[in-house]
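Trainee: Need a 3D model of the sequence below.
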Amino acid sequence: MSKTFNIYILIVCFVLLLFKSDFVIGSENEIILSKIKSYFKNLKTLEADFIQIGPSGNVSEGKFYLDLPGKLRFDYHKPNNILITCQGFWLSIQDRKTKKTNNVPVNQTPLNFLLNQQFDVKNNFIKFSLKKDSGLLSLTIVDSEKKDQSALILTFSENPIQLKKWVIKDNFENETNVLIQNLQVGNELSYLLFFPEDFD
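Mentor: Numbers count the residues shown, from 1 in each chain. Coordinates of the predicted model:
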């Protein structure tokens with residue numbers, strides 16, 4: 001009887017420890033999410049070099065500019081001829097070699113979260129998951145309202161919170177990685193940077 005009772009107590013303690021651990025992890029996640037939310041709220045401008053690794057392993061480099069909310073510019077270095085700009089509604093993707101422009105509503109892309117600072121963990125349609133590993137934080141964001149179920153994965157340094165890379169994963173599990181280098185925050189950026197090129 002005494003042995004059975006002791007086993008029961010051990011099981012109860014183990015279960016309580018499990019719940020306590022989950023509670024601590026949950027609280028820690030809330031604190032981290034709050035810091036990331038504050039980071040985005042206070043982020044106004046950003047410029048950096050980037051290295052993009054596509055799903056097939058092809059590598060592109062260029063310059064990246066961000067002016068929140070809504071403005072973005074990816075200026076790819078040669079031999080890549082692509083320029084991507086956004087001023088709020090349209091994401092303009094241009095091929096300088098063929099002089100063709102493709103406009104996509106930004107709210108139909110995973111970049112919508114980044115551009116519009118839509119950090120609302122209570123949004124029932126946006127799923128957040130957080131992973132912590134070796135001083136890096138990875139925040140996965142999935143908009144369940146989008147048919148393609150693509151995901152945006154943002155990676156930050158932990159101390160201080162600072163954006164280091166992001167990954168766009170499509171519904172076929174193809175990943176495009178964008179690594180940020182030589183990051184500068186808070187510089188005044190010309191609004192002309194965010195206009196598409198005029199090929200006429």
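
Trainee: how much space between the closest residue to Ile53 other than its chain neighbours and Gln184?
Mentor: Nearest non-adjacent residue to Ile53, counting by Cβ to Cβ, 6 or more residues apart in numbering: Asn177, 4.4 Å away. The way it works is simple: take the backbone N, C-alpha and C, and place the C-beta from them, glycine included. As judged by Cβ to Cβ, to the nearest Å, Asn177 and Gln184 stand 21 Å apart.

Trainee: Settle it for me: which of those two has more neighbours?
Mentor: The neighbour count for Asn177 versus Gln184, taken as other Cβ atoms under 10 Å, is higher for Asn177 (17 against 10).

Trainee: any idea how far the more buried one is from Ile51?
Mentor: Taken as Cβ to Cβ, the span from Asn177 to Ile51 is 8 Å.

Trainee: Same question for Leu192.
Mentor: 25 Å.

Trainee: who's more crowded, those two?
Mentor: Ile51 (14 against 7).

Trainee: List the strands paired with the helix or strand hosting the more buried one, with their directions.
Mentor: Following DSSP states H and E, the helix or strand that holds Ile51 is strand 45-53. Strand 45-53 has the following sheet partners, assigned by DSSP bridges: strand 59-67 (antiparallel), strand 175-185 (antiparallel).
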